[in-house]
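Student: any chance you could fold what I've pasted below:
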Amino acid sequence: MNDRYGTDVLSGDWRAPRRGRAQPVEAEPGLVVEDVDTGWCGAVVRVEKAGGMQVVHLEDRRGRTKGFPLGPGFLLDGRPVVLTVPTGERRAQVEAARKAASRTASGSVAVRGQAARVASGSRIWVEGRHDAELVEKVWGDDLRVEGVVVEMLDGVDDLAGEIRRFAPTPDRRLGVLVDHLVPGTKESRIVAEAERVSPHARILGHPYVDVWQSVKPARLGLDVWPVVERGRSWKHGVLQELGWPHASQADVARGWKKILATVRSYSDLEPTLLASVEELIDFVTVP
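Tutor: Numbers count the residues shown, from 1 in each chain. Got it, this is the predicted structure:
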């Protein structure tokens, strides 16, 4: 007997969209998908966490890249899909994190389970708080293992006198990191005089006006650091060029904290600073 009324229209998945229900698909690099809302079509370049959410970056046929929230809202060959973090990439991230955990921010092999050594007599001097905070962030673990303390100078105008008062010895050495140490500057003349005080003190520096410049500009999304004209406060000028608050010293302090937060390891610093700090650490620690 034929069913004169046909099949039950409610018996199947009658709420399913016309193109079908979205299926989960791993966002593997090279996968070509289309964003439903914008129509942007491109190949998956990478998946990363930004602003507390997972973002997938798609590159179109012209080489332009655009980021979208990872999840639903994509079409694959015309079918709706929910993009998920690729498990292969997740495994690689876990492995990279494991390897990173075995290294300090300076790239040295991490020493586990060892208490910080009692401070030795040797010291490393830097010009200011920002220099000290940067050295601590990247080399702090190494210095604690070696028992070397980093101390701040109140400028280097009387560096020779400061070294005489410290009175370095073969067992109590002194390393000094100086900002803007380039030929013909005031700093170069001060260092030339101070270097004659003791063979057990080593003075090195970097060419940057301020230690801020030793952070690679790419960490702030810049190609190069802004140029600040002579006679203008360099830090205030940089903050103004970046569009950050710059009127007060509190603004400068907050700006530095934002810059310092972008530094993850030695790879985010310029090689000139790396070489100087590493040499100073060797000088005050190697017998």
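
Student: would you mind measuring from the residue lying closest to R129 once chain neighbours are set aside to E270?
Tutor: Sequence neighbours aside, M152 is the residue nearest to R129 in space, at 6.2 Å (criterion: C-beta to C-beta, 6 or more residues apart in numbering). C-beta here means a position set from N, CA and C on the backbone, and glycine is covered the same way. Shown here: M152 relative to E270, a distance of 21 Å by C-beta to C-beta, to the nearest Å.

Student: on that earlier part again, quick one: the residue nearest to R129 and H130 touch, right?
Tutor: No: assessed by C-beta atoms under 8 Å, M152 is found out of contact with H130, at 9.7 Å.

Student: burial of the residue nearest to R129, as a residue count?
Tutor: Using other C-beta atoms under 10 Å, M152 has 14 other residues around it.

Student: give me every residue that touches it.
Tutor: Residues near M152 by C-beta atoms under 8 Å, 6 or more residues apart in numbering: W125, V126, E127, G128, R129, D131, A132.

Student: okay, now the unreliable bits of the stretch 101-250 of the chain?
Tutor: 101-119 (pLDDT under 70).

Student: all strands of it, in order?
Tutor: Using DSSP state E, counting those that start in this stretch, the strands of the stretch 101-250 of the chain run over 123-126, 149-152, 174-178, 201-205.

Student: any idea of the angle the third one forms with strand 201-205?
Tutor: To tie it back to what came earlier, the one meant is strand 174-178. If you take axes from the mean of the first three to the mean of the last three C-alpha atoms, to 10 degrees, strand 174-178 sits at 20 degrees to strand 201-205.

Student: which other helices and strands contact strand 174-178?
Tutor: Contact analysis of strand 174-178 by 3 or more C-beta pairs under 8 Å, 6 or more residues apart in numbering; DSSP states H and E lists strand 123-126, helix 159-166, helix 186-194, strand 201-205, helix 271-285 as its packing neighbours.

Student: pLDDT score for E28?
Tutor: What the model reports for E28 is a pLDDT of 86.

Student: for R144, grab the count of nearby residues.
Tutor: Applying other C-beta under 10 Å, we find 18 residues neighbouring R144.

Student: buried stuff in the longest helix along the chain?
Tutor: Looking across the chain with DSSP state H, the single longest helix is helix 129-146. The neighbour-count check on helix 129-146 (16 or more other C-beta atoms under 10 Å) flags 130-146 as buried.

Student: got a list of contacts for the helix or strand that V45 is a member of?
Tutor: In the assignment (DSSP states H and E), V45 maps to strand 41-50. With contacts defined as C-beta under 8 Å, 6+ apart, strand 41-50 is touched by 27-35, 54-61, 64-67, 70, 83, 85-86, 89.

Student: and for stretch 62-81, what's in contact with it?
Tutor: 17, 19-25, 27, 31-37, 40, 42, 45, 47, 50, 53-60, 82-85.

Student: so how far does that stretch reach from one end to the other?
Tutor: 24 Å (C-alpha to C-alpha, to the nearest Å).

Student: tell me the mean pLDDT over it?
Tutor: Here the average pLDDT along stretch 62-81 is 90.

Student: re the thing from before, can you pull the buried residues of the strand holding V45?
Tutor: Those would be G42, A43, V44, V45, V47, for strand 41-50 by 16+ other C-beta under 10 Å.

Student: can I get those in JSON lines with distance to P217 and pLDDT?
Tutor: Below are the buried residues of strand 41-50 laid out as JSON lines (distance: C-beta to C-beta, whole Å; pLDDT from 0 to 100):
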{"residue": "G42", "distance to P217": "28", "pLDDT": "91"}
{"residue": "A43", "distance to P217": "29", "pLDDT": "90"}
{"residue": "V44", "distance to P217": "28", "pLDDT": "90"}
{"residue": "V45", "distance to P217": "23", "pLDDT": "89"}
{"residue": "V47", "distance to P217": "25", "pLDDT": "88"}
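
Student: and which of those residues is nearest T185?
Tutor: Using C-beta to C-beta, V45 comes nearest to T185 of these, at 44.3 Å.

Student: look up how far M53 lies from the closest one.
Tutor: Between V45 and M53 the distance is 17 Å, computed by C-beta to C-beta.

Student: just to revisit the earlier point, just the buried residues from the contacts of strand 41-50, in ChimeraX please.
Tutor: Per 16+ other C-beta under 10 Å, the buried members of these correspond to this ChimeraX selection:
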select :27,31,33,34,35,54,56,57,58,59,70,83,85,86,89
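
Student: narrow the contacts of strand 41-50 to those in strands?
Tutor: 32-35, 54-59, 65-67, 83 (DSSP state E).

Student: for the buried residues of strand 41-50, which one is nearest G205?
Tutor: Closest to G205, out of all of the buried residues of strand 41-50 and judged by C-beta to C-beta, is V45, at 39.9 Å.
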